[in-house]
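Student: 3D model of this:
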Amino acid sequence: MRVIDAEGKNIGVMPLERALALANESGGDLVEISAKTNPPIVKVIEYGKYLYSLRKKDKGKGHRTETKSLQVKIATGEHDLELKSKKASEFLKEGHRVKIDLFLRGRAKYLDEKFLRERLERVLHLITEPYSIANGPTKSPKGLTIIIERGNVKTNENKQINAKAAPGNQTG
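Tutor: The predicted structure follows:
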């Protein structure tokens with residue numbers, strides 16, 4: 001087996017008995033790092049410290065971003081929109097993406113798309129955190145959906161970008 005010491009230096013290839021004796025002399029443990037290589041690689045380290053470092057490495061990767069959902073309707077009042085935009089700002093501050101659904105029922109599904117976008121922008125206008133649009137306004141079975149994420153673009157600039165990039169606003 002190929003033996004590596006605690007500092008990461010390659011000691012060399014030796015039989016198992018000699019590697020175990022070397023680990024006992026240094027006061028450490030013999031830990032198999034890679035069994036699939038030829039010869040297998042082992043390291044002389046303290047096993048408790050090794051486990052601690054592995055747990056610490058796994059713990060550092062713990063923060064995941066979720067997609068949080070908010071639902072608004074065409075006739076949602078200003079106060080309710082303020083509350084929902086405040087919640088969206090909190091989600092953005094935590095690093096999550098926010099999916100805002102403009103929920104449409106019945107005949108509202110067939111209203112002018114420009115009018116529906118304006119209703120969606122009412123919410124975007126009230127968000128205090130800087131954001132960028134991850135997925136522009138798209139038609140969904142529920143109505144109109146937009147996904148925003150934390151970004152360094154101001155909200156007013158976003159609306160101008162959104163108006164230019166929207167597929168429904170092109171003439172031709």
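Student: Now do the strand or helix carrying residue 79, average pLDDT.
Tutor: Assigned by DSSP states H and E, residue 79 belongs to helix 78-93. Taken as a whole, helix 78-93 carries a mean pLDDT of 91.
Student: Show me what the next helix or strand after that helix is packed against.
Tutor: Downstream of helix 78-93, the next assigned helix or strand under DSSP H and E is strand 97-103. Applying 3 or more C-beta pairs under 8 Å, 6 or more residues apart in numbering; DSSP states H and E, one finds that strand 97-103 contacts strand 67-73, helix 78-93, helix 113-126, strand 143-150. Quick note: C-beta positions are derived from backbone N, CA and C, even for glycine.
Student: From the contact counts, what lies against the shortest one?
Tutor: Under the contact criterion of 3+ C-beta pairs under 8 Å, 6+ apart, strand 67-73 touches helix 78-93, strand 97-103, helix 113-126.
Student: Between strand 143-150 and the last one, find me the angle.
Tutor: What it means is helix 113-126. 30 degrees (axes from the mean of the first three to the mean of the last three C-alpha atoms, to 10 degrees).
Student: now do the first one
Tutor: Our comparison of helix 78-93 with strand 143-150, counting by the same axes, to 10 degrees, yields an angle of 40 degrees.
Student: Quick one: distance of helix 78-93 to the chain centre.
Tutor: 20 Å (C-alpha atoms, centre = their mean, to the nearest Å).
Student: Can I get that helix in PDB? Just the C-alpha atoms.
Tutor: This file holds the C-alpha atoms of helix 78-93, laid out as PDB (Å, rounded to 0.1, in the frame of the first residue of the first chain):
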ATOM      1  CA  GLU A  78     -52.300  47.800  -2.200                       C
ATOM      2  CA  HIS A  79     -51.800  46.900   1.500                       C
ATOM      3  CA  ASP A  80     -51.800  43.200   0.700                       C
ATOM      4  CA  LEU A  81     -49.300  43.800  -2.100                       C
ATOM      5  CA  GLU A  82     -47.100  45.700   0.300                       C
ATOM      6  CA  LEU A  83     -47.200  42.700   2.700                       C
ATOM      7  CA  LYS A  84     -46.400  40.200  -0.100                       C
ATOM      8  CA  SER A  85     -43.600  42.300  -1.400                       C
ATOM      9  CA  LYS A  86     -42.100  42.700   2.100                       C
ATOM     10  CA  LYS A  87     -42.200  38.900   2.400                       C
ATOM     11  CA  ALA A  88     -40.500  38.600  -1.100                       C
ATOM     12  CA  SER A  89     -37.800  41.000   0.100                       C
ATOM     13  CA  GLU A  90     -37.200  38.900   3.100                       C
ATOM     14  CA  PHE A  91     -36.800  35.800   1.000                       C
ATOM     15  CA  LEU A  92     -34.400  37.600  -1.400                       C
ATOM     16  CA  LYS A  93     -32.400  38.800   1.600                       C
END
